[in-house]
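S.K.: how would this look folded up:
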Amino acid sequence: MDMLAFFGCTRGCSDEEAEELKKMRYTYPWWREKEIVSEERRAQGLCPLTPEEVALVLKALGFDKNTQIYIAAGEIYGSEHRLSVLREAFPRIVKKEMLLESTELQQFQNHSSQMAALDFMVSVASNTFIPTYDGNIAKVVEGHRRYLGFKKTIMLDRKRLVELLDLHDNKTLTWDQFAVAIKAAHERRSGAPTHRRVVPDKPKEEDYFYANPQECLCEGTNCHDMFGDRNSSLTH
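M.R.: Below you'll find the model as predicted:
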C-alpha cells in the first residue's frame, strides 16, 4: 500500500489562532504595529490548509480512502478533534507516536531535532510527499527526494487552491469541475525535473537551493537532456 507523507496539515490561519498570535506579539514592543489579517493571508496562499481542506484536495487529486497517510507535524492546533474530517475520509492516518512503542520514542522526546529527523526520514521514504507549507524541513525533503530520482512530491499551489476551495464551497464549481481544476493546477508540480530560478542581484527572490539542488542533480549527466532547453517542469 502506498504511503503518503503529509507535512503540517494540522494547522491553519483561523481567526482564533490569529488572535492568539496577536496577543503573543503584543508582548514585544517592536511587533505591536504588525497585524495578521487571516483572510488576506489565506487568499495570498500564505496559510497551511486546514484538515478539512486537505481531505477535499486529496480526494480531488485521486487518493482513495485506503491510502496510508503519515502526518509529519508538531502539536496539533485545536487538539486531535481537528483531524476528524480528514480521518473520516482517510482512516489509515498514522504519526510517529503510533508507529513506535513509547519506550522507543522516549529516547527522542526531549530532543526536538531528533523528533524532526524521524519525520524527515519517513517523508523522504514515502511514495508521495505533500507539504502544506514551505518550511525549511519541507524544502529539504523536497530536494532530497529530487536527488533520489525525482520521487513524487506534490507542491501545492495554495493560492490557487484557496480560490478553487471557495468556489466549490459556494457551489460555483461542482465536485467534478473542482477535481479537474485541482489536477490541472498541479499537473506540473509533482517534483519532476525543473530549472531552479536564480536571481543574482536578488537572492531572496530566487528558488531555495536545498529544495531543488539542480547543480548536484546535473553532476555526471547532461543537464539539457534532464531539464530541457526551457525553464519549465518536465513530465516523466
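S.K.: for the chain, longest helix please?
M.R.: helix 112-125 (DSSP state H).
S.K.: neighbouring contacts of that helix?
M.R.: Helix 112-125 is contacted from outside by 3, 5, 7, 70, 72-73, 96, 100, 108-109, 129, 137, 140-141, 144-145, 148, using CB atoms under 8 Å, 6 or more residues apart in numbering. For every residue, glycine as well, the C-beta is placed using N, CA and C.
S.K.: list the buried ones in it?
M.R.: 115, 118, 119, 120, 122, 123, 124 (16 or more other CB atoms under 10 Å).
S.K.: do a quick rundown of the strands in this protein.
M.R.: Taking DSSP state E to define them, one finds strands in the chain at 3-7, 68-72, 93-94, 128-131.
S.K.: what about residue 100, neighbour count?
M.R.: Using other CB atoms under 10 Å, the number of residues around residue 100 comes to 14.
S.K.: can you tell me how far it sits from residue 113?
M.R.: Separation of residue 100 from residue 113 (CB to CB, to the nearest Å): 17 Å.
S.K.: just residue 38 next, same as before
M.R.: Note on residue 38: its distance to residue 113, by CB to CB, is 30 Å.
S.K.: what do you get for residue 132?
M.R.: 21 Å.
S.K.: do the same with residue 65
M.R.: 34 Å.
S.K.: could you find the closest non-adjacent residue to the residue sitting nearest the centre point of the chain?
M.R.: Compute the mean C-alpha point of the chain, and by CA atoms, centre = their mean the closest residue is residue 131, 1.3 Å away. Excluding the flanking residues, the one nearest residue 131 by CB to CB, 6 or more residues apart in numbering is residue 138, at 3.6 Å.
S.K.: returning to what we had before: least confident of the strands of the chain, on average?
M.R.: Mean pLDDT values for the strands of the chain show the minimum at strand 3-7, a mean of 61.
S.K.: mind listing the helices for the protein?
M.R.: 15-25, 38-43, 51-60, 84-89, 96-99, 102-106, 112-125, 136-147, 158-169, 175-185, 214-217, 223-227.
S.K.: what's the closest of these to residue 194?
M.R.: Nearest to residue 194, of all the helices of the chain, is helix 223-227, at 6.8 Å by CB to CB.
S.K.: that closest one - what's its average pLDDT?
M.R.: Helix 223-227 comes out at a mean pLDDT of 64.
S.K.: check residue 36 and give its pLDDT.
M.R.: 66.
S.K.: before we move on, what about residue 200?
M.R.: At residue 200, pLDDT is 82.
S.K.: got it, and residue 205?
M.R.: Note on residue 205: pLDDT of 73.
S.K.: count of residues packed around residue 68?
M.R.: Under the neighbour criterion other CB under 10 Å, residue 68 is assigned a count of 16.
S.K.: so what's it bridging to?
M.R.: With DSSP bridges applied, residue 68 shows beta-bridge pairing to residue 3.
S.K.: quick check: it vs residue 91, distance?
M.R.: Shown here: residue 68 relative to residue 91, a distance of 10 Å by CB to CB.
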